[in-house]
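S.K.: next one to model:
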Amino acid sequence: MWPAGRLRAAADRVRSAGPPPGPARPGFWRSPLRGPWLTGVFGLVLLVGITLVFVTGLLSYASYNPDLAPRNDPTPDKGWLGFYLFTWPTSPYWLYRLTQGTHTVLGVVLVPVLLAKLWSVIPRFFAWPPVRSAGQALERLSLLLLVGGAGFTFATGILNIQLDYVFPGSFYPLHFYGAWVFIAAFALHVAFRLSRAVRAVRAGWDFQPAPGSDEAAGLVSPDPAPPTISRRGAVAMVGAGSLALLAVTAGQSIGGWWRRTALLAPHGRDPGPGPNGFQINKTAASVGIRAGDIGPAWRLTVRGGGRQVVLTLDMLRAMPQSGSALPIACVEGWSTSDQQWSGVRLTDLAGLVGLGTRPPPLLVESVQRGGAFSSVVLAANQVRDRRSLLALRVNGAELSHDHGYPARVILPAAPGVHNTKWVTRLDFGEPS
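M.R.: Below you'll find the predicted structure:
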């Protein structure tokens, strides 16, 4: 490790030699738009937007109830990063639809702002000399993590929305840990730059500090080219891009008729018209469901309290039937409008094994052979909610094979992957 004096001396020698030809020279970047005001505007928008995206992302992770059982936890090595986790509520029933829709739609809408912010500060990436002090070295390291983390987190999130898993490994840990690295660098960057950004925005769009001054922050060109658009026009253009993305993305989270406007949402996932004509992620064939698995020989095993009951589909149909109007909302950001489900309350099934008063957590298992979340553990508050069903019908019709025939779980305010399809076993009080 070099002493601080020798590091400063080396930096002085590099500075006196001058920057090499190319982007390290101030005259290379000639846009008259770049400056503290433009960068500050984009930075403050991202401060609000990214904070909201991060908070809703944390809520999305909490909705899986990962502390309840390893089956629910796609990132088992989270450690202290899960310090905030809490039992996810069941009311309002549209809660997950709102938080995850906000998370995904806002993440897409912020892309033009993020790209514009990176464009506005690109001269800083080539600042000369690269390192002038320990503090400046720390800031540049945070900038590297910030840009890399932003690119990785936004890219994996958008690929997940598109159901395009081209990256190696599981989406959940990649996106989870990448987001924490990004937000740590983001917080450090805000600590360095927030006060300067606020001052620049307050100075007004027409104020441009002298090149080379401290207020210019290395962004103002000493030889600007003639302008072709104003700074306010640039902000308006970026805003228009974000609004356009909102218009072609938000419909997948709103659901219903508005889904037709979601031009950027994955297509080919609607099963067609009719009572079962609403979106799915996984078909029966894609997870290895065979005709014999859900045919006349299918049975539902209910266990708990040292007792066991085995039910046929006709026996389930003979039990008291209840209804719930609930949507399905998935981590990719899409959701359906409220569907009319009918079936047997989970509390009634708990009553078959003597646990109907205040049933404990519930392990739900599916007959599916492939894919994630073939089993899940539901928290006690989810089991006890009277809207939670083992659904047999939807919108007045029998469940289709792709929607989970002969029986699926449907829950209020839960991620779609917890609404397990093709259910074959319910274990009350056995979350492990």
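
S.K.: where do the strands of the stretch 251-400 of the chain begin and end?
M.R.: Using DSSP state E, counting those that start in this stretch, the strands assigned to the stretch 251-400 of the chain run over residues 300-304, 307-311, 322-326, 339-345, 362-366, 375-378, 389-394, 397-398.

S.K.: wait, which of those strands is closest to G35?
M.R.: The stretch from the strands of the stretch 251-400 of the chain with the least distance to G35 (C-beta to C-beta) is strand 322-326; that distance is 50.8 Å. Bear in mind the C-beta positions are built from the backbone N, C-alpha and C, glycine included.

S.K.: can you redo the strands of the stretch 251-400 of the chain as CSV with mean neighbour count?
M.R.: Output for these, formatted as CSV (neighbours: other C-beta atoms under 10 Å):
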stretch, mean neighbour count
strand 300-304, 19
strand 307-311, 14
strand 322-326, 18
strand 339-345, 21
strand 362-366, 22
strand 375-378, 23
strand 389-394, 24
strand 397-398, 14
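
S.K.: adding mean pLDDT and distance to F154, write these out as JSON lines.
M.R.: As requested, these are arranged in JSON lines below (pLDDT from 0 to 100; distance: least, C-beta to C-beta, whole Å):
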{"stretch": "strand 300-304", "mean pLDDT": "97", "distance to F154": "43"}
{"stretch": "strand 307-311", "mean pLDDT": "97", "distance to F154": "47"}
{"stretch": "strand 322-326", "mean pLDDT": "97", "distance to F154": "31"}
{"stretch": "strand 339-345", "mean pLDDT": "98", "distance to F154": "32"}
{"stretch": "strand 362-366", "mean pLDDT": "96", "distance to F154": "32"}
{"stretch": "strand 375-378", "mean pLDDT": "95", "distance to F154": "28"}
{"stretch": "strand 389-394", "mean pLDDT": "98", "distance to F154": "35"}
{"stretch": "strand 397-398", "mean pLDDT": "97", "distance to F154": "40"}
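
S.K.: contacting residues around stretch 298-314?
M.R.: Stretch 298-314 is contacted by residues 316, 349-350, 352-355, 359-360, 367, 390, 392, 406-407, 423-430 when judged by C-beta atoms under 8 Å, 6 or more residues apart in numbering.

S.K.: for PyMOL, what selects the buried ones among these?
M.R.: Here is the PyMOL command that picks out the buried ones among those, judged by 16 or more other C-beta atoms under 10 Å:
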select buried, resi 316+349+350+352+353+355+359+360+367+390+392+406+407+423+424+425+426+427+428+429
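
S.K.: low pLDDT regions in the stretch 151-300 of the chain?
M.R.: Screening the stretch 151-300 of the chain residue by residue with the criterion pLDDT under 70, one finds the ranges 267-271.

S.K.: how far off centre is stretch 200-218?
M.R.: 36 Å (C-alpha atoms, centre = their mean, to the nearest Å).
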